[in-house]
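>>> missing the sequence, but the structure's below:
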Ligand code: GDP
Ligand code: MG
């Protein structure tokens, strides 16, 4: 997917605005890329239409190139498609919360039971597991072992009892024990069949569950849309859990769930360990699907932080090599507002070569500089040349700020280097070339 989308973006390099015409090709690539990621065709169609409608004619923000603007729009629509914000689990107002898990065989239901108990225990809730997969003794043993691992009681009956009956008894037991959350495991089949659906309906009737979560393997691909639709129509789900996201699937299934069922993905499994379950973040998933590194976060942060006039003025000065100590201060404050410098630098693709130690060093020297700049007169801040020419001025600043003359000289030299470096940095924010950070 990554390759496809990158090709789409590259086509926009050099364009000034997004138009109906110049997004045709990139949108075609996006469409193909989504299909390759196993998103179902109707979902792709609606998605591409929504993005095209949105992208054209939007005022571009200074410093953000059209290709980045399109990334942002695609990202925003992907997030919307997956439900926008995190969808929390719902808990019963009184009595135990009952979570019923459903899904095909091998998708990770039994594992999810224990992971979920582990997850909820950390939030201070007492849990109980109910072994509702009665067709293989091994399935019951598996749940018992996992229950022991996370130190949660498991309610079992032998293989001769009907799942709905086990569910009912398990729930009664949980009520007696004042358990907060009851998680019910069920049997899956390799394919959807009537017997499985009938059984699930019966179990659901017996429990009146708070949540019915469909467990979906992230590798499911194209069939995810049909699968989710069927389960939702037949038994009615309240949400989904996407498992095996640690594999190399691009997550096409994630895109279809909400779109076809109206129900959100609530949690994701990212591995076989008990701690590998976490809330589903639509924005992160969109990032994964886009495979664009964190270009987006960087664009967004730049927008938030650099108020347009500031950016415009700064850019003008940088272009004319007028960057002075006032701008320098403003710039360091901007960087501070953008979070630690290491995070900002980490967001720029291709900048991975900078070590954390180098970043810490840079942050330290920024602090040091601020003290010296504060000791300058307004005139000196505006005309660094004055300091370059006058040792007496440098001496005074050194004394006032408690630094050595050598440190002041270094700072002045650095400002002139900084003019070059800032120019390069602005180049990055415009989506241009990535500078090698001199040191
Ligand atoms: P069930 O048939 O739906 O109950 O599936 P299981 O819970 O028995 O899981 C089937 C297999 O998938 C097991 O080997 C699990 O360890 C594995 N599995 C479950 N969830 C994940 C996950 O998030 N990542 C990975 N890599 N494996 C998983
Ligand atoms: Mg199972």
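Happy to help now that I have it. In this text, all values refer to a predicted model and were calculated from it rather than measured experimentally. Ligands and ions are numbered 1, 2, ... in the order given.
>>> Mind splitting the chain into its structural domains?
The chain breaks down into these domains under automatic domain parsing: 2-81, 97-290, 295-429.
>>> Give the bridge partners for residue 211, please.
Beta bridges link residue 211 to residue 99, judged by DSSP bridges.
>>> Once you drop chain neighbours, what's closest to the residue in the stretch 151-300 of the chain that ligand 2 sits nearest to?
Per CB to the ion, residue 185 is where the stretch 151-300 of the chain lies closest to ligand 2, at 6.0 Å. Where C-beta positions appear, they are placed from N, C-alpha and C, glycine not excepted. Nearest residue to residue 185 in three dimensions, chain neighbours excluded: residue 113, at 4.8 Å (CB to CB, 6 or more residues apart in numbering).
>>> which element is that neighbour on?
In this structure, residue 113 sits in helix 109-122 according to DSSP states H and E.
>>> repeat for residue 91
If you go by DSSP H and E, residue 91 is not part of any helix or strand.
>>> Can you list the residue ranges for helices in the stretch 201-350 of the chain?
224-234, 252-261, 282-290, 295-305, 308-319, 325-337, 341-347 (DSSP state H, counting those that start in this stretch).
>>> Check the stretch 1-150 of the chain too.
Going by DSSP H, counting those that start in this stretch, the stretch 1-150 of the chain shows helices at 2-12, 24-36, 41-55, 66-81, 109-122, 137-150.
>>> Columns mean pLDDT and mean neighbour count on top of those helices, output as JSON lines?
Converted to JSON lines, the helices of the stretch 1-150 of the chain look like this (pLDDT from 0 to 100; neighbours: other CB atoms under 10 Å):
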{"stretch": "helix 2-12", "mean pLDDT": "60", "mean neighbour count": "17"}
{"stretch": "helix 24-36", "mean pLDDT": "80", "mean neighbour count": "19"}
{"stretch": "helix 41-55", "mean pLDDT": "86", "mean neighbour count": "16"}
{"stretch": "helix 66-81", "mean pLDDT": "81", "mean neighbour count": "22"}
{"stretch": "helix 109-122", "mean pLDDT": "97", "mean neighbour count": "23"}
{"stretch": "helix 137-150", "mean pLDDT": "94", "mean neighbour count": "17"}
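>>> Ok, which of those helices comes nearest ligand 1?
Smallest distance to ligand 1 across those (CB to the nearest ligand atom): 3.4 Å, for helix 109-122.
>>> For ligand 1, tell me whether the closest one is touching it.
Yes. Helix 109-122 reaches ligand 1 (CB under 6 Å from any ligand atom) through 109-111.
>>> The residues you listed: which ones sit near ligand 2?
109-110 (CB under 5 Å from the ion).
>>> with the residues of helix 109-122 next to ligand 1 in mind, which one is nearest to residue 228?
Distance to residue 228, by CB to CB, is smallest for residue 109 among the residues of helix 109-122 next to ligand 1, at 15.1 Å.
>>> so who does that closest one touch?
101-103, 133, 185-186, 188, 215 (CB atoms under 8 Å, 6 or more residues apart in numbering).
>>> ok, now residue 224?
Counting by CB under 8 Å, 6+ apart, residue 224 has contacts 38, 40, 216, 252-253, 256-257.
>>> For it, give its distance to residue 282.
Per CB to CB, to the nearest Å, residue 224 is found 16 Å from residue 282.
>>> And for whichever residue of the stretch 151-300 of the chain sits closest to ligand 1, nearest residue in space, chain neighbours not counted?
Across the stretch 151-300 of the chain, the shortest distance to ligand 1 (CB to the nearest ligand atom) belongs to residue 269, at 3.0 Å. Closest residue to residue 269 apart from its sequence neighbours, by CB to CB, 6+ apart: residue 243 at 3.7 Å.
>>> Near that neighbour, how many other residues are there?
29 (other CB atoms under 10 Å).
>>> Show me which residues of the stretch 251-400 of the chain are close to ligand 1?
269-272, 276.
>>> still on that earlier bit, in strands, which of the contacts of residue 109 appear?
Secondary structure from DSSP state E places 101-102, 185-186, 215 of the contacts of residue 109 in strands.
>>> Now a ChimeraX select for only the buried ones of these.
Selection of the buried residues among those in ChimeraX, burial being defined by 16 or more other CB atoms under 10 Å:
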select :101,102,185,186,215
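>>> which one is residue 272 nearest to, not counting chain neighbours?
Per CB to CB, 6+ apart, closest to residue 272 is residue 111, 6.9 Å.
>>> With residue 41 instead?
residue 35 (7.0 Å).
>>> Next, the contact list for residue 275, please.
With CB under 8 Å, 6+ apart, residue 275 has these contacts: 115, 118.
>>> what's the distance between it and residue 240?
Counting by CB to CB, the gap from residue 275 to residue 240 is 20 Å.
>>> Serialize the domains of the chain to a markdown table and add fields for distance to residue 91.
Converted to a markdown table, those look like this (distance: least, CB to CB, whole Å):
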| stretch | distance to residue 91 |
| --- | --- |
| domain 2-81 | 26 |
| domain 97-290 | 5 |
| domain 295-429 | 32 |
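>>> Please identify the deepest-packed of these.
Among those, domain 97-290 has the highest mean neighbour count (mean count of other CB atoms under 10 Å), at a mean of 20.
>>> Switch the ones in strands among the contacts of residue 109 over to a markdown table; also include pLDDT.
Formatted as a markdown table, the ones in strands among the contacts of residue 109 follow (pLDDT from 0 to 100):
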| residue | pLDDT |
| --- | --- |
| 101 | 98 |
| 102 | 97 |
| 185 | 97 |
| 186 | 96 |
| 215 | 97 |
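>>> Show the contacting residues for the closest residue to residue 105 other than its chain neighbours.
Excluding the flanking residues, the one nearest residue 105 by CB to CB, 6+ apart is residue 188, at 3.8 Å. By CB under 8 Å, 6+ apart, the contact list for residue 188 reads 102-107, 109, 133, 196.
>>> can you do 7 Å?
103-105, 107, 109 (CB atoms under 7 Å, 6 or more residues apart in numbering).
>>> Just to check, residue 54 is in contact with residue 75?
No. Using CB atoms under 7 Å, residue 54 is not in contact with residue 75; the gap is 11.4 Å.
>>> Kindly provide the distance from the residue in the chain that ligand 2 sits nearest to to residue 129.
Of all residues in the chain, residue 110 sits closest to ligand 2, at 3.3 Å by CB to the ion. Residue 110 sits 9 Å away from residue 129, going by CB to CB.
>>> Which neighbours do those two have in common?
Contacts common to residue 110 and residue 129, judged by CB under 7 Å, 6+ apart, are 143, 185.
>>> do stretch 171-189 and ligand 1 meet at all?
Yes. Among the residues of stretch 171-189, residue 188 lie within reach of ligand 1 under CB under 6 Å from any ligand atom.
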